[in-house]
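No letters, just coordinates:
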Ligand SMILES: Nc1ncnc2c1ncn2[C@@H]1O[C@H](COP(=O)(O)OP(=O)(O)OP(=O)(O)O)[C@@H](O)[C@H]1O
Ligand SMILES: [Mg+2]
C-alpha cells in the first residue's frame, strides 16, 4: 500500500511544488513507484512537466466532484501525475455542499493505492477544503519552509488544522518532516532560521536542507525536474538526499 504524503504550507512560494516533483523523481530513481497529485488550481506541478492546465479537459476537478476514476486523469511524465486544470478553482465551492466533502480525495486514491509505493500531494497555498482533502488522505505531511521568510505563526496555524483533522477526520496524520528550503549558507539569517525551527520543532526538522539555486526555477520552464535538467548538479543531489532521508524514515517506522 502506498504511503501518502502531502506537501503543505499555506504560505505561498516556499517550494511545495518543487519538492513534490523533485522528491518524486528522486524516489523513482530509487526504484519506487510514484504518483504525484496536483491539487493546486494554479496547476504549477502540471506545468512543470510541460503540460498547459488551460488545455486540460478532465482533471482532479472531475475526480473530486464527478467521481471520475483517478486513473482517467493520470498522465505519464517523469513520474505519474494526476493533473490539475483551471476548473479546479471551482472545486472548493462545488464540494462545499456535498456530504463527505473532506474525504473526496481519500476515496479517489483508494483504488490506486496498491499501484504505487508513494503518492505525493501538492497543495495550494491555503488551508481551504482542497488542502484539507489532502491532509485527510495522507499518512504524513512534509512542510517546506522558506529560510528567508520564516513564519512560525503560519506553522502554528497549520499544526492547529492538523490537530482538528486528527480529532475529526484522520487520526493518523502527522507532520513527518519540516524541510528548510531556499537555504543560503552565506547568510546568518538562514542559519538562524534553521536554529529557530529546531528549537521549536526539534527532530521534526529534516537533516536535508534545500539550498537556494536558480536551477529550480530553470527546470520547470523546460518541462523537467532538476534531476532530468541537470542530473549531476547540486540541485538534483539535494533532492536525492531528501529521498534517502524519507526512505530511511520509512524503514525506521516499519521497525518501530
Ligand atoms: N531551493 C530553491 N532555490 C531557489 N529557488 C527555488 C527553490 N525552490 C523553489 N524555487 C523557486 O521558487 C518559486 C516557488 O517555488 P514553488 O512553486 O515550488 O513554491 P510553492 O510553495 O509550490 O508555491 P505556491 O504556494 O504558489 O504553490 C519557483 O519559481 C521555484 O522555481
Ligand atoms: Mg505550488
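Yes, it's here. Since this is a predicted model, take the numbers as computed values, not measurements. Ligands and ions are numbered 1, 2, ... in the order given.

Pull out the buried residues from the helix or strand encompassing residue 154.
In the assignment (DSSP states H and E), residue 154 maps to helix 152-168. In terms of neighbour count (16 or more other Cβ atoms under 10 Å), helix 152-168 has its buried residues at 154-155, 158, 161-162, 165. C-beta here means a position set from N, CA and C on the backbone, and glycine is covered the same way.

With pLDDT added, can I get those residues in TSV?
Listed next are these as TSV, based on pLDDT from 0 to 100:
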residue	pLDDT
154	93
155	95
158	97
161	98
162	98
165	98
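
rewinding a little: tell me the helix or strand right after the helix holding residue 154.
Next in sequence after helix 152-168, counting helices and strands by DSSP H and E, comes strand 174-181.

Measure how that next one sits relative to helix 152-168, angle-wise.
Note on geometry: by axes from the mean of the first three to the mean of the last three Cα atoms, to 10 degrees, strand 174-181 and helix 152-168 are set 160 degrees apart in direction.

circling back to that earlier point, need the buried residues of helix 152-168 in a markdown table (columns: distance to ligand 2).
Listed next are the buried residues of helix 152-168 as a markdown table, based on distance: Cβ to the ion, whole Å:
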| residue | distance to ligand 2 |
| --- | --- |
| 154 | 15 |
| 155 | 17 |
| 158 | 15 |
| 161 | 18 |
| 162 | 19 |
| 165 | 21 |
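
Just send those back as a markdown table, with distance to residue 10 too.
Output for the buried residues of helix 152-168, formatted as a markdown table (distance: Cβ to Cβ, whole Å):
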| residue | distance to residue 10 |
| --- | --- |
| 154 | 6 |
| 155 | 10 |
| 158 | 7 |
| 161 | 9 |
| 162 | 12 |
| 165 | 14 |
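
Closest one of the residues you listed to residue 113?
residue 165 (19.2 Å; Cβ to Cβ).

Report whether the expected contact of that closest one with residue 135 is present.
Yes: using Cβ atoms under 8 Å, residue 165 is in contact with residue 135, at 5.1 Å.

what is in contact with the two at once?
Common contact partners of residue 165 and residue 135 (Cβ atoms under 8 Å, 6 or more residues apart in numbering): residue 173.

quick one, strands of this structure?
With DSSP state E as the criterion, the chain has strands at 3-7, 34-38, 74-76, 80-82, 118-122, 140-146, 174-181.

Leaving out the residues flanking it, which one is nearest to residue 215?
Among residues not flanking residue 215 along the chain, residue 235 sits closest, at 3.8 Å (Cβ to Cβ, 6 or more residues apart in numbering).

what does the protein put close to ligand 1?
12-18, 40, 42, 44, 125, 181-182, 210, 212-213, 216-217 (Cβ under 6 Å from any ligand atom).

what sits against residue 224?
Shown in contact with residue 224 (Cβ under 8 Å, 6+ apart): 48-50, 78.
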